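Visitor: after the sequence you'll find the predicted model.
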Amino acid sequence: MPELPEVETVRRGLAEVLGGDAVIARMELRRRDLRAAIPRTLPARLAGQRVLAVRRRAKYLIIDTPGVSLLSHLGMTGTWRVAPIGDERDHDHCYLHLADGRRLAFRDPRRFGLLDLIEPGGDARHPRLRGLGPEPLDARAFSADYLAALCAGRKVAIKPLIMDQRVVVGVGNIYAAEALFRAGIRPTKPARRVRREALGALVESIRSVLDAAIAAGGSTISDYRQAGGEGGWFQHDFQVYDRAGLACRRCAAPLVGKVLGGRSTVWCRACQR
DNA sequence: CCTAAGTCCTGAGTGC
DNA sequence: TGCACTCAGGACTTAG
């Protein structure tokens, strides 16, 4: 669910909650079988650890402590929230009890999410982080040159290509569709057929749509919430996502939709070539 | 019955 | 034929 803007918004919320030397007194596991099993050793490793930082890499959240880092992925329906005692819900899989009495809950109905540990300084060796592409907001690493090199000779459609986390991280089904609309590129176009200038526009569009969505606190469809429980607002700015059959906001032609790479995809035949 | 913000795996196909 | 890589499709799960 959450793509980069939603994960970044959650990161900022968690950083605020955990700032000022928060200490994790105890991790309480209620259910271990998420996408992968939560390691049995994780609660013991986290107990008594002081939070040093809350980071994001791709769609992963990383809470650093001196002894171990906690890695989480929200999958499609994952949320972190401040959960006062008494606020227990179905699908709360894990509670982090802080030393000051507050409590964080990880809730994920579909269980496509993930909790794991990273050894200190071990990001590059972690199997889920190894092999990830560059951060899209890093203009130096994610450039038109870089994307053009990865598109060369590729028959795959441009939309699934930019959703491939080995190519660039953080772009999912919503923001891929929105960035392609902004860049005027048809999502089904084979990557090798997209012109160099259009790839430059796409790189800029990915950055601009992600920046705008972060500024809006992400997009709330059903489950996504910020750490404080608020929804995001960017869903009101969608130009194409979930708008198949409706009028293009730019030219009023009906938007078309089809399944591409297993994901629903919407675009404007007139505005996107 | 259908759909859904994401990976992850398998198997078929391609090119050297 | 073998190997490496690419690409499409399905699986996982719960809720609305």
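Guide: Sure, I can see it.

Visitor: A:Ala177 is in what secondary structure piece?
Guide: helix A:173-183 (DSSP states H and E).

Visitor: after that helix comes which helix or strand?
Guide: helix A:196-215.

Visitor: is the helix holding A:Ala177 in proximity to DNA strand B?
Guide: Yes - using C-beta under 7 Å from any atom of the strand, helix A:173-183 comes into contact with DNA strand B via A:Asn173, A:Ile174. In short, each C-beta sits where N, CA and C put it, glycine included.

Visitor: any idea how far that helix is from the chain center?
Guide: Remark: helix A:173-183 is offset 15 Å from the chain centroid, using C-alpha atoms, centre = their mean, to the nearest Å.

Visitor: who are the packing partners of that helix?
Guide: Packing contacts for helix A:173-183, counted by 3 or more C-beta pairs under 8 Å, 6 or more residues apart in numbering; DSSP states H and E, involve helix A:158-163, helix A:196-215, strand A:263-267.

Visitor: list the buried residues in the longest one.
Guide: Of the residues in helix A:196-215, those scored as buried under the neighbour-count criterion (16 or more other C-beta atoms under 10 Å) are A:198-203, A:205-207, A:209-210, A:213-214.

Visitor: could you give me the buried positions within the helix or strand following it?
Guide: Where DSSP H and E defines the elements, the next helix or strand beyond helix A:196-215 is strand A:256-260. Going by neighbour count (16+ other C-beta under 10 Å), the buried part of strand A:256-260 is A:Val256, A:Gly257, A:Leu260.

Visitor: same question, stretch A:45-55
Guide: A:Arg45, A:Leu46, A:Gln49, A:Val51, A:Val54.

Visitor: and the end-to-end length of that stretch?
Guide: Stretch A:45-55 has an end-to-end distance of 19 Å (C-alpha to C-alpha, to the nearest Å).

Visitor: A:Lys155 contacts A:Val194, doesn't it?
Guide: No - checked against C-beta atoms under 8 Å, the pair A:Lys155 and A:Val194 is beyond contact range at 11.9 Å.

Visitor: which one of the two is surrounded by more residues?
Guide: A:Val194 (23 against 9; other C-beta atoms under 10 Å).

Visitor: any residues of chain A in contact with DNA strand B? List them.
Guide: A:1-3, A:6, A:35, A:58-59, A:73, A:75-77, A:110, A:112, A:114, A:128, A:163, A:165, A:172-174, A:219-224, A:262-264.

Visitor: burial count for A:Leu74?
Guide: 25.

Visitor: quick one: pLDDT of it?
Guide: A:Leu74 carries a pLDDT score of 97 in this model.

Visitor: A:Cys271 against A:Arg250, yeah?
Guide: Yes - at 5.4 Å, A:Cys271 and A:Arg250 qualify as touching, with contact defined as C-beta under 8 Å.

Visitor: what about the two, which has more around it?
Guide: Each of A:Cys271 and A:Arg250 has its neighbours counted (other C-beta under 10 Å); A:Cys271 has more, 19 against 13.

Visitor: how much space separates that one from DNA strand C?
Guide: 23 Å (C-beta to the nearest atom of the strand, to the nearest Å).

Visitor: element containing that residue?
Guide: Per DSSP H and E, A:Cys271 falls between elements, in no helix or strand.

Visitor: okay, it: pLDDT?
Guide: 98.

Visitor: give me the residue from the stretch 151-273 of chain A nearest DNA strand B.
Guide: Residue nearest to DNA strand B within the stretch 151-273 of chain A (C-beta to the nearest atom of the strand): A:Gly172, separated by 1.9 Å.

Visitor: what number of residues lie near the closest residue to that residue other than its chain neighbours?
Guide: For A:Gly172, ignoring the flanking residues on the chain, the nearest one in space by C-beta to C-beta, 6 or more residues apart in numbering is A:Glu3 at 3.8 Å. By other C-beta under 10 Å, 24 other residues sit near A:Glu3.
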